[in-house]
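Engineer: when you get a sec, could you give me coordinates for this:
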Amino acid sequence: MAKILIYGINFFPEPTGTGKYSGELAAWLAGRGHVVDVITAPPHYPEWKIHKGYSNRFSHQLSEGVCIFRCPLIVPDPKRIGSKSRILLETSFAVTSFFRWIPIWCRAKRYEVVIAVCPPLQVGVFPWLLGKLWGTPWVFHFQDLQVDAALQLGMLSDSWFIRMLFRVEAALLNRADRVSTISLAMSNRIHGKGVPKERIWHFPNWSNLGQVRPGPRMNSFRTTFGYQEDKVLVLYAGSMGEKQGLDLMLEAAKRLAHRTDLRFLLVGEGAAKAKLQTKAASEGHKNIDFLPIQPPELLSEMLAAADIHLVIQKRAAADLVMPSKLVNILAAGKAPIVTAEMGTELFRVINDHNLGMTVPPEQPQDLENAIIRMVDDRETRKFFERNAREYAENQLNRNFILESFEAKLLGLINSSLLDHDSKLENENSHV
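Structural biologist: Residues are numbered from 1 along each chain as shown. Have a look, this model is predicted:
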C-alpha cells in the first residue's frame, strides 16, 4: 500500500465542487488500505466563510482514516469577492501551508506520491520542490483551468500579470510527473499547452450511484418547502459565481411568469447569490425561490423532487470547466437543460447520448423555449431520464473511476522506484 499526500485548498466537508471530490478521493484511497494525509484549509466554500465547528487556525483531525492538516487563510467578504481577493486567499494559504511542508522537505515525513489539486495554481510549487529535492513523483490534478477561465471571463485585465501566470502554469505543467483533469476537452487544452499526451490522465468526476438514485417526485423535500404536486419545479443547484451567469435563469423566469404551473428554485451559495436575490426582489419575481445548500443526505431527494434541471454557465467558460453538478443530475435519472456551445465536449456528451437538451449560452429566448418544450413534452423528458441513469451507471461509477486512478498512481510510484534504482546502479557502476 502507498503513502499518499493530497495538497489542495478545498476539502471535506465542503459539500460541492473540488472539496467534495478531493474528500471522497482521500476517503476511498484510505479505505483501500493506503496511508493518506491531506494538507488543506479550513472548510470555507461556497459560503466564503469558515464553516461552523471549524476555526481559522492550524489544526489536524482524523476522518475516515485520513489525517487532515488544516492551515489558516484570509477569507474575503462574500460581498466583495473578486480576482484580487481570490489571489489573496490563495496566496495566504500557500504561505501558511509552507510550514506543513518543511518536515516533508526535510524527510521527517515521507510520501511515495503527491496529488496537487488545482485550483489554485500555487499548489503545484511545493510538490515540484519535493520532486526536485527527493524525486517524489507528483500529479497535478485540474478541476478547472483557472487561469484560462479567469482571462476569458474578464476577471483578470493586467496583461503583465496574466503573462506571468501563464508562464508559472507552463513551468509547473512541464515539471509535473503527470497532469490529470476531468474532461477530454480540458486534456486536449493541456496538451495544447505543451504537455505530451502520455503524461496526461483523464480523471473524470463521479457519482455515488448507491446514494444518488432515481426516486419519487413527491417526497419530503417537496413537502418541507411547500411545492405541490401540480407545480413543475425547475431547479438550479450548485455554486452561484461569475462563471455561471445565472442572470439567464432570472430572465427565463421573468419571461415565463405567465406559466403559473412553473416554479424556479436556486439552491446553493456563492459570490453572486446576494446580487441575484437583490435583482429578483427588485424586479418583482414571484416565481423564484432561493435556498441555502442542502445537507448531503438530502441531495438525492432534492434532485428527485425537481422536474427540470438547469446546468448554466457562460459562453467564455466553455471547455475550461466541466460542471460537476451534472454527474449527480444524471445519476438521479433526471433530464437537464444545459447551456453549451456546439462543438464543446459538454454539447457532445448531452446530445450524443440523448441525455437532455442543449441551448446556446447567454440566450434567454432559447432557454425559455427549451423549458417550455421540456415541460410540455413529457414523453421526451422520460426518454432523456432513462438515458441519464443508464449513462451514469456506465460512465460515472465511482468505484470504476477511482480504481482506474489508483492503478495509475501505483504504476507511477513503481516506475519512479525503478528509475531511482536505475540511477543508483549507474552511479555505483562508475565508482
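Engineer: hmm, residue 96 is touching residue 72, no?
Structural biologist: Yes. With contact defined as Cβ atoms under 8 Å, residue 96 reaches residue 72; the gap is 5.3 Å. Every residue, glycine included, has its C-beta placed from N, CA and C.
Engineer: which neighbours do the two share?
Structural biologist: By the contact definition Cβ atoms under 8 Å, 6 or more residues apart in numbering, residue 96 and residue 72 are jointly contacted by residue 58.
Engineer: low-confidence ranges in the stretch 201-350 of the chain?
Structural biologist: Applying pLDDT under 70 to the stretch 201-350 of the chain flags residues 243, 319.
Engineer: mind listing the helices in it by residue range?
Structural biologist: Taking DSSP state H, counting those that start in this stretch to define them, one finds helices in the stretch 201-350 of the chain at 220-225, 247-255, 273-282, 299-305, 325-331, 345-352.
Engineer: so residue 154 lies in a helix, does it not?
Structural biologist: No. Going by DSSP: H, G, I helix; E, B strand; the rest coil, the assignment for residue 154 is coil, not a helix.
Engineer: just give the nearest non-adjacent residue to it, would you?
Structural biologist: Nearest residue to residue 154, sequence neighbours excluded (Cβ to Cβ, 6 or more residues apart in numbering): residue 316, at 7.6 Å.
Engineer: quick check: that neighbour touching residue 153?
Structural biologist: Yes. Using Cβ under 8 Å, residue 316 is in contact with residue 153, at 5.0 Å.
Engineer: is it true that residue 215 touches residue 300?
Structural biologist: Yes. Between residue 215 and residue 300 there is a contact under Cβ under 8 Å: 6.0 Å.
Engineer: who's more crowded, these two?
Structural biologist: Each of residue 215 and residue 300 has its neighbours counted (other Cβ atoms under 10 Å); residue 300 has more, 21 against 15.
Engineer: grab the nearest non-local neighbour of the more buried one.
Structural biologist: residue 212 (4.9 Å).
Engineer: and that neighbour, what does it touch?
Structural biologist: Counting by Cβ under 8 Å, 6+ apart, residue 212 makes contact with 299, 300, 303, 328, 331, 332.
Engineer: and residue 369, by the same measure?
Structural biologist: Residues in contact with residue 369 (Cβ under 8 Å, 6+ apart) are residue 359.
Engineer: got it, and residue 221?
Structural biologist: Residue 221 makes contact with 227, 294, 298, 301, 302, 304, 305, according to Cβ under 8 Å, 6+ apart.
Engineer: one more pass at 10 Å, please.
Structural biologist: 215, 227, 233, 291, 294, 298-306 (Cβ atoms under 10 Å, 6 or more residues apart in numbering).
Engineer: ok, of these, which come out buried?
Structural biologist: Buried by 16 or more other Cβ atoms under 10 Å: 227, 233, 294, 298, 299, 300, 301, 302, 303, 304, 305, 306, out of the contacts of residue 221.
Engineer: give the contact list for the first one.
Structural biologist: With contacts taken as Cβ under 10 Å, 6+ apart, residue 227 has the following neighbours: 217, 218, 221, 233, 263, 265, 289, 305, 306, 307.
Engineer: same deal with the second one?
Structural biologist: By Cβ under 10 Å, 6+ apart, the residues touching residue 233 are 217, 221-222, 225, 227, 262-265, 289, 302, 305-309.
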